[in-house]
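Engineer: what follows is a predicted structure for the sequence shown.
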Amino acid sequence: MEREKVLLVFISFEDFKKNIGNENFHQKNTDKNTEELKNLTMSAGADVKEVLCFKQKKPNPRYFINTGKLEKIKHLVKSSKINLVIFNEEITPTQQRNLQSSLDIKVLDRTALILDIFSQRAHSREGKIQVELAQLNYMLPRLTGKGIVLSRLGGGIGTRGPGETKLEADRRKIRRRISLLEKKIEQIGTQRNTQRKKREEKEIFQIALVGYTNSGKSTLLNAVTESDVYVEDRLFSTLDSTTRKLDVFPNSEVLISDTVGFIEKLPHQLIAAFRSTLEEVKKSNLLLLIVDISNPYFEKNINSVKEVLKEIEVDKKPMILVFNKIDKINKEKSERIKIKYKNSLFISALKKDRLSELYDGVKNIIRKQYINITVKIPYDENRVVSFIYKNCQVLKKRNFEDCTIMDLIMNSKYCPVLSKYIYREGQG
């Protein structure tokens, strides 16, 4: 299929009087949003032919943009043979219908674009269900009569996923499908909860990798666990949560999970649909916020991730800021960022550089759950000795006629098991 030719439209509704003297910040913000939407569009499989940036005081209720600007878009659509217009802001179903009627081509917003990319990236059964649910919730208010323009748009961005038959279905059938998908996700959530409860019963330490899309989370997971999780240098290369065992602390089981990448203005439909996947983040003991240090807008990306973490109520969890891809910047820039972010880590997951610093950072967090004790074990307590070697780190061992005295580092959760064997010097 021929790649679609896209016109990107950015509208700024900022108070111009308030922003006098702050034009530089406004321009940087516009540049960042423009670059990101370009990348999203190319990631969806289309070509960006033109980009328009406008300013206006408030959205036009009928067309979102003012009629004068609409005429400029009409002219550009014809002269550049554009067949798709994408707005960086979310537009209402009525505005979308009016724009498509006026321009006589397909019109989408940022939310529809991201949903389309997710529909291409979802491979697991769970991922496909979650994305389809998000798409149908987005499409439902945009379906009237026999499916309006959507049913005759053909292929391309915004029409993948649920499929043409669903787009032509009436609201009742769509709602039934949504209800069925919600039940399936609930069942998946129940299965995940069962798995989590087993981990919690064992008190397994859980780490979640979070970060802006394409920050290198999957690459890091592969580097620290010697796995082969799918990795590609593009936005949302993987959607499915992956969990692996991390050998980082002696006699302590640690699990690390890769999660879906975040993005600025992540559609609320996706947050709702991916709630079972995001539970991996909510139930974790530690968050590693992975940052692409080579991205010129990395600070804005950090804020976007933190906003999503706040929305899902995990922003108070222990967190380590991990700057990735240090191999892509010069030493001067790296040192400048290190001064500003003093308690952060700086690594290259791809080159496996400075991973030892990451391990140390994780160990320091886990170590807070551990205590140093000395135990005195009679020789006939072989079962206890076996338990110690399986679950504790033995620092020192002294053998006597009737017992063994051991200096241990152990998780405080094992205190009830070993409390009666605790030994203090001078006890005899």
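Structural biologist: Okay, I see it.
Engineer: where in the stretch 301-428 of the chain is pLDDT low?
Structural biologist: 426-428 (pLDDT under 70).
Engineer: apologies, that question was intended for the chain.
Structural biologist: Within the chain, the stretches with pLDDT under 70 are 1, 14-29, 144-155, 159-170, 196, 199-203, 229-240, 251, 272-277, 426-428.
Engineer: what residues does the helix or strand where Val48 lies touch?
Structural biologist: According to DSSP states H and E, Val48 maps onto strand 47-55. Strand 47-55 is touched from outside by 3-14, 16, 30, 34, 38, 41-42, 65-66, 69, 72-73, 76, 80, 82, with contacts defined as CB atoms under 8 Å, 6 or more residues apart in numbering. For glycine as for every other residue, the C-beta is placed from the backbone atoms N, C-alpha and C.
Engineer: what does stretch 368-376 give?
Structural biologist: Under CB under 8 Å, 6+ apart, the answer for stretch 368-376 is 205, 252, 388, 395, 403-413, 415, 418, 421-425, 427.
Engineer: report the buried members of those.
Structural biologist: Buried subset of those (neighbour count, 16 or more other CB atoms under 10 Å): 205, 252, 388, 403-406, 408-411, 418, 421, 423.
Engineer: mind listing which of the residues you listed are in strands?
Structural biologist: Mapping the buried ones among the contacts of stretch 368-376 onto strands (DSSP state E) picks out Phe205, Cys403, Thr404, Ile405, Met406, Leu408, Ile409, Met410, Asn411.
Engineer: the third one: what's it in contact with?
Structural biologist: Shown in contact with Thr404 (CB under 8 Å, 6+ apart): Lys376, Ile377, Tyr379, Val385, Lys397, Arg398.
Engineer: can I have the buried ones of these as a ChimeraX selection?
Structural biologist: Provided next is the ChimeraX selection string for whichever of those are buried by 16+ other CB under 10 Å:
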select :376,377,385
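Engineer: stretch 242-261 spans what distance, first to last residue?
Structural biologist: Start-to-end span of stretch 242-261 (CA to CA, to the nearest Å) is 12 Å.
Engineer: one more: stretch 319-331?
Structural biologist: This stretch, stretch 319-331, spans 25 Å end to end (CA to CA).
Engineer: what lies in contact with the helix or strand just after the strand holding Val48?
Structural biologist: The C-terminal neighbour of strand 47-55 among helices and strands, as given by DSSP H and E, is helix 67-79. Helix 67-79 has contacts (CB under 8 Å, 6+ apart) with 7, 9, 50, 52, 54, 56, 60, 63, 65, 82, 85, 99, 102-103, 105.
Engineer: mind running it again at 6 Å?
Structural biologist: Contact with helix 67-79 is made by Glu50, Phe54, Tyr63, Leu103, as judged by CB atoms under 6 Å, 6 or more residues apart in numbering.
Engineer: just the buried members of those residues?
Structural biologist: Neighbour-count burial (16+ other CB under 10 Å) is assigned, among the contacts of helix 67-79, to Glu50, Tyr63, Leu103.
Engineer: who does the first one form a beta bridge with?
Structural biologist: When you say that, I think you mean Glu50. Under the criterion DSSP bridges, Glu50 forms beta bridges with Leu7.
Engineer: Ile207 belongs to a strand, doesn't it?
Structural biologist: Yes - secondary structure of Ile207 (DSSP: H, G, I helix; E, B strand; the rest coil): part of a strand.
Engineer: which one of the buried ones among the contacts of helix 67-79 is nearest Val260?
Structural biologist: Glu50 (30.8 Å; CB to CB).
Engineer: measure that closest one to Leu37 for me?
Structural biologist: As defined by CB to CB, to the nearest Å, Glu50 lies at a distance of 12 Å from Leu37.
Engineer: still on that earlier bit, can you redo the buried ones among the contacts of stretch 368-376 as TSV with distance to Arg121?
Structural biologist: Shown next, in TSV, are the buried ones among the contacts of stretch 368-376 (distance: CB to CB, whole Å):
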residue	distance to Arg121
Phe205	29
Ser252	34
Ile388	46
Cys403	59
Thr404	55
Ile405	56
Met406	51
Leu408	46
Ile409	42
Met410	43
Asn411	38
Leu418	48
Tyr421	53
Tyr423	56
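Engineer: farthest pair within these?
Structural biologist: Farthest pair in the buried ones among the contacts of stretch 368-376 (CB to CB) is Phe205 and Cys403. Separation: 31.6 Å.
Engineer: what sits against Val322?
Structural biologist: Leu288, Ile290, Leu345.
Engineer: off-centre distance for the one helix or strand it maps to?
Structural biologist: According to DSSP H and E, Val322 maps onto strand 319-324. Relative to the centre of its chain, strand 319-324 is centred 14 Å away, using CA atoms, centre = their mean, to the nearest Å.
Engineer: list the strands paired with it, with their directions.
Structural biologist: Sheet pairing here is set by DSSP bridges, and for strand 319-324 it gives strand 286-292 (parallel), strand 345-346 (parallel).
Engineer: could you dump these into CSV and include mean neighbour count and distance to Leu221?
Structural biologist: What follows is the strands paired with strand 319-324, written out as CSV (neighbours: other CB atoms under 10 Å; distance: least, CB to CB, whole Å):
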stretch, mean neighbour count, distance to Leu221
strand 286-292, 23, 10
strand 345-346, 22, 16
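Engineer: redo those as a markdown table? Include distance to Thr194.
Structural biologist: Listed next are the strands paired with strand 319-324 as a markdown table, based on distance: least, CB to CB, whole Å:
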| stretch | distance to Thr194 |
| --- | --- |
| strand 286-292 | 22 |
| strand 345-346 | 34 |
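Engineer: quick one: closest of these to Lys317.
Structural biologist: When these are compared by CB to CB, strand 286-292 sits nearest Lys317, at 5.3 Å.
Engineer: identify the residues contacting that closest one?
Structural biologist: With CB under 6 Å, 6+ apart, strand 286-292 has contacts from 207-211, 215-217, 298, 302, 317-325, 365.
Engineer: mind listing the strands in this protein by residue range?
Structural biologist: Taking DSSP E as the test, the strands found in the chain are 5-12, 47-55, 84-87, 106-109, 205-211, 242-245, 254-258, 286-292, 319-324, 345-346, 370-378, 393-399, 403-411.
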